[in-house]
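K.L.:
mind looking at a prediction? Sequence and model below.
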Amino acid sequence: MPSRRAFVDRVPPSEIFHADAIAILESNLHSYIQFSQTNDTESGILSGNNLTAIRSALIFRQDSSVHIRAGGNATRLTVLKNGKTGINIENPLAALHIKGIESTFDSHIRLETAGGGTDYANILYDGNMKFRTFTAGDEYQWRNSANNTNMTLQDDGDLFVDGTITASCGVLVCSDIRYKKNIRPLTNSLSNVLALHGIYYDWEKEKFSDKAFGDKRHSVFQRRH
C-alpha cells in the first residue's frame, strides 16, 4: 500500500480501487480533471522514474491539440483540434497521417486477424505503394456495397474480374505453350502479313464518357478486306 493516499468526495472510498493508487476521485456523477491556464501555455500529465523526468506523457497543447508521448518526451500520437490524427508525426495533413518508423513493412501498417489467429497483412509506402500478405494462398479482394467480390488477385498473380475491363492503351496477354492445344501451322502466312495495314484512331470520349478513355492517339494493324 502507498504511504500517502488522497481521497476526494468520500473517505475512505466505497468502491474497490487499485491498491497502488495514490489519489482516488469518486463520484456518483460525471467526473473530470480540469487544467486551466493562459492561452499560450500547455498542460498535461507526466510519468517519470528515478532515471528520467519524463518517461511518457499526455500533453494538452496551447493550440488545442493533444499529444501522447512515449519513450521519453517524443510525440508518438497527435490529434489536432480539427480532428486530423498523426502517428509519428506532429503536424498531420490528413484525417489519418502515418509516418513510418523505417522503410520496412512492419514499420508502417499491419492488419492482423481477430481472435487467436496470427495471419496478417502489411501496407507500406517507401516511394512505391506496396501491399503484402502473410500466408501463402491469401487473396486480395475488392468488394462492392453488397459485399460481393468484384475482383480477386490471387497469391500466384492470377487476377479474376467479375465485370468488364477497359484498357485505353491495350492489354498484354501472356503467350505460354503450356496453356495451348491443337497447335497447327498457318497457311498463306506471307500473304496475310502483306495484307496488313496500319491505322490511327482516337477514342469516342464524349460518346462513352463512362469508359474513362484517355486523350492519347493510338495505332493498330488490321487486315485489308
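P.N.:
Great, that's in hand. Numbering: from 1, shown residues only.
K.L.:
so, low pLDDT: which residues of this structure?
P.N.:
Counting by pLDDT under 70, the chain has low-confidence residues at 1-19, 212, 225.
K.L.:
which of the residues in stretch 70-79 are buried?
P.N.:
Going by neighbour count (16 or more other C-beta atoms under 10 Å), the buried part of stretch 70-79 is 75, 76, 77, 78, 79. For glycine as for every other residue, the C-beta is placed from the backbone atoms N, C-alpha and C.
K.L.:
so how far does that stretch reach from one end to the other?
P.N.:
Using C-alpha to C-alpha, to the nearest Å, the end-to-end distance of stretch 70-79 comes to 15 Å.
K.L.:
how far is that stretch from where the chain is centred?
P.N.:
Using C-alpha atoms, centre = their mean, to the nearest Å, the mean C-alpha position of stretch 70-79 is found 21 Å from that of the whole chain.
K.L.:
returning to what we had before: among the buried residues of stretch 70-79, which pair sits farthest apart?
P.N.:
76 and 79 (11.8 Å; C-beta to C-beta).
K.L.:
residue 193: which element?
P.N.:
helix 189-194 (DSSP states H and E).
K.L.:
hmm, I was thinking of residue 52
P.N.:
Residue-wise, residue 52 maps onto no helix or strand under DSSP H and E.
K.L.:
so what's residue 44 bridging to?
P.N.:
As for beta bridges, residue 44 partners with residue 59 under DSSP bridges.
K.L.:
so it makes contact with residue 62?
P.N.:
No: the criterion here is C-beta atoms under 8 Å, and residue 44 misses it with residue 62 at 11.2 Å.
K.L.:
so the two - more neighbours on which side?
P.N.:
Using other C-beta atoms under 10 Å, the more surrounded residue of residue 44 and residue 62 is residue 44, with 15 against 12.
K.L.:
any idea how far that one is from residue 59?
P.N.:
4 Å (C-beta to C-beta, to the nearest Å).
K.L.:
anything in contact with each of those two?
P.N.:
Jointly contacting residue 44 and residue 59 under the rule C-beta atoms under 8 Å, 6 or more residues apart in numbering are residue 67.
K.L.:
just to revisit the earlier point, for the following helix or strand past the helix holding residue 193, the distance to its chain's centre please.
P.N.:
Per DSSP H and E, the first helix or strand lying C-terminal to helix 189-194 is strand 196-201. Distance, stretch centre to chain centre, for strand 196-201: 44 Å (C-alpha atoms, centre = their mean).
K.L.:
can you list the strands that strand 196-201 pairs with?
P.N.:
strand 218-223 (antiparallel).
K.L.:
surely residue 214 touches residue 170?
P.N.:
No: judged on C-beta under 8 Å, residue 214 makes no contact with residue 170 at a distance of 11.7 Å.
K.L.:
settle it for me: which of the two has more neighbours?
P.N.:
residue 214 (12 against 8).
K.L.:
looking at this, that one is in a strand?
P.N.:
No: under DSSP: H, G, I helix; E, B strand; the rest coil, residue 214 sits outside any strand and is assigned coil.
K.L.:
list the contacts for it?
P.N.:
168, 169, 203.
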